[in-house]
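*Asks:* The sequence isn't on hand, but the structure is:
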């Protein structure tokens, strides 16, 4: 089963190369590979290469990709390569959001991976209806108890919960800056994804007397036109009476953007394809930036470290924002509480230990089933 005294071979499977577009799946996969000891990882890299590899160790398998986004071509290349590589692997770890293509993929599990054990980390579920025709790949790991319950109800038997991790050394707590406050939204252009709601909530705060700059850091889905969608958000801001609004595309320096912000405002109606606990939310809390969220069940683990507004209630979210900007002591208390919660519940050490336990357990159980070590199934 091992390539050395204590090393097992793990195929790390994502829907596109690790060096593709940023996303929770890539960050989670890289965090596992960096944190779990005693494993020899094989992973997919973008070709032609762009910048440094996300992982400095393991075996890289090139995937032809013009932009790193999970188009059909990238998915097919990874599926074919995974089928061949799985025969020489002790464990497959798939880090895949459950979207429209997942039910068909899940039904090909035996054809792709044979009898090799699979761990499936689910960053999020785009639509619960996709679970109706889906099958579990193996041991399933959710990021929140709310999604774990949804998966269990859909017939995913062995479902664990491992919250995502934040590398606290990369996200140190920062003091609040002086000057005009900046309110940040970071998310997608998805309907109900929170961008429009953030603008309308900010307008409520402005009408209540708050003065601030609104920054929208937006990420694209495949096939979306950035120019027209950004123009739509700017037009909505103008209609709502907001004049100091910036709409960004890809942000290279998220630590710097969070450091320059005062509040993260993230009021989606549904998470869609975003992670159950969006990493930007955890990064904001680690940096010492208060967060205002929709009261979605996936956010329960954040407890009182955040401010919550009912889903779709822009009036309430806006009033919370106005109150927070006007109360420095409350801001400081929330900043300290947010950092403490991230340190306690979302640290990299705890994350790595939980995954190491699942890895050892899954590989150990499989080794007792009679499948020859390193052999074909």
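*Replies:* Received it, and whenever you're ready, just let me know what you need. Remember, it's a predicted structure, so these values are computed and weren't measured experimentally.
*Asks:* CA only for contacts and neighbour counts going forward, please
*Replies:* OK.
*Asks:* Show me what the strand or helix carrying residue 256 is packed up against.
*Replies:* Element membership for residue 256, per DSSP states H and E: helix 254-259. Where contact means 3 or more Cα pairs under 8 Å, 6 or more residues apart in numbering; DSSP states H and E, helix 254-259 is packed against helix 279-287.
*Asks:* what does the helix it packs on rub up against?
*Replies:* Helix 279-287 is contacted from outside by 24, 164, 166, 168, 171-174, 186, 258-259, 264, 290-291, 335, 338-339, 342-343, 346, using Cα atoms under 8 Å, 6 or more residues apart in numbering.
*Asks:* Narrow those to those in helices?
*Replies:* By the criterion of DSSP state H, membership of those in helices covers 24, 258, 259, 335, 338, 339, 342, 343.
*Asks:* Kindly reformat these as JSON lines containing pLDDT and neighbour count.
*Replies:* Below are the ones in helices among the contacts of helix 279-287 laid out as JSON lines (pLDDT from 0 to 100; neighbours: other Cα atoms under 10 Å):
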{"residue": "24", "pLDDT": "88", "neighbour count": "23"}
{"residue": "258", "pLDDT": "96", "neighbour count": "24"}
{"residue": "259", "pLDDT": "96", "neighbour count": "20"}
{"residue": "335", "pLDDT": "97", "neighbour count": "27"}
{"residue": "338", "pLDDT": "97", "neighbour count": "29"}
{"residue": "339", "pLDDT": "97", "neighbour count": "24"}
{"residue": "342", "pLDDT": "96", "neighbour count": "23"}
{"residue": "343", "pLDDT": "96", "neighbour count": "19"}
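*Asks:* Report all helices and strands that the longest strand along the chain contacts.
*Replies:* When the chain is parsed with DSSP state E, its longest strand is strand 39-47. With contacts defined as 3+ Cα pairs under 8 Å, 6+ apart, the packing partners of strand 39-47 are strand 8-13, strand 59-64.
*Asks:* what stretches of the chain score poorly on pLDDT?
*Replies:* For the chain, applying pLDDT under 70 flags the ranges 1-6, 21, 366-377.
*Asks:* Pick the one among the ones in helices among the contacts of helix 279-287 closest to residue 225.
*Replies:* Nearest to residue 225, judged by Cα to Cα, of these is residue 24 at 21.8 Å.
*Asks:* Contact partners for the closest one?
*Replies:* By Cα under 8 Å, 6+ apart, the residues touching residue 24 are 123, 274, 275, 278, 279.
*Asks:* With respect to residue 234, which of these is nearest?
*Replies:* residue 274 (22.9 Å).
*Asks:* Test my guess that that closest one contacts residue 127.
*Replies:* No - counting by Cα atoms under 8 Å, residue 274 sits too far from residue 127 to count as a contact (11.1 Å).
*Asks:* Those two: which is more packed in?
*Replies:* The residue with more neighbours, out of residue 274 and residue 127, is residue 274; 21 against 14, by other Cα atoms under 10 Å.
*Asks:* Where does the more buried one sit: helix, strand or coil?
*Replies:* Put simply, residue 274 is coil when judged by DSSP: H, G, I helix; E, B strand; the rest coil.
*Asks:* How about it: what's its closest non-neighbour residue?
*Replies:* Nearest non-adjacent residue to residue 274, counting by Cα to Cα, 6 or more residues apart in numbering: residue 124, 6.0 Å away.
*Asks:* got the residue ranges for the strands in the stretch 251-377 of the chain?
*Replies:* All strands of the stretch 251-377 of the chain, identified by DSSP state E, counting those that start in this stretch, fall at 263-266, 291-294, 307-309.
*Asks:* other SSEs contacting the shortest one?
*Replies:* Think strand 307-309. Against strand 307-309 (3+ Cα pairs under 8 Å, 6+ apart) you get strand 291-294, helix 314-325.
*Asks:* Buried deepest among those, which one?
*Replies:* Ranked by mean neighbour count under mean count of other Cα atoms under 10 Å, the helices and strands packed on strand 307-309 are led by strand 291-294, which reaches a mean of 24.
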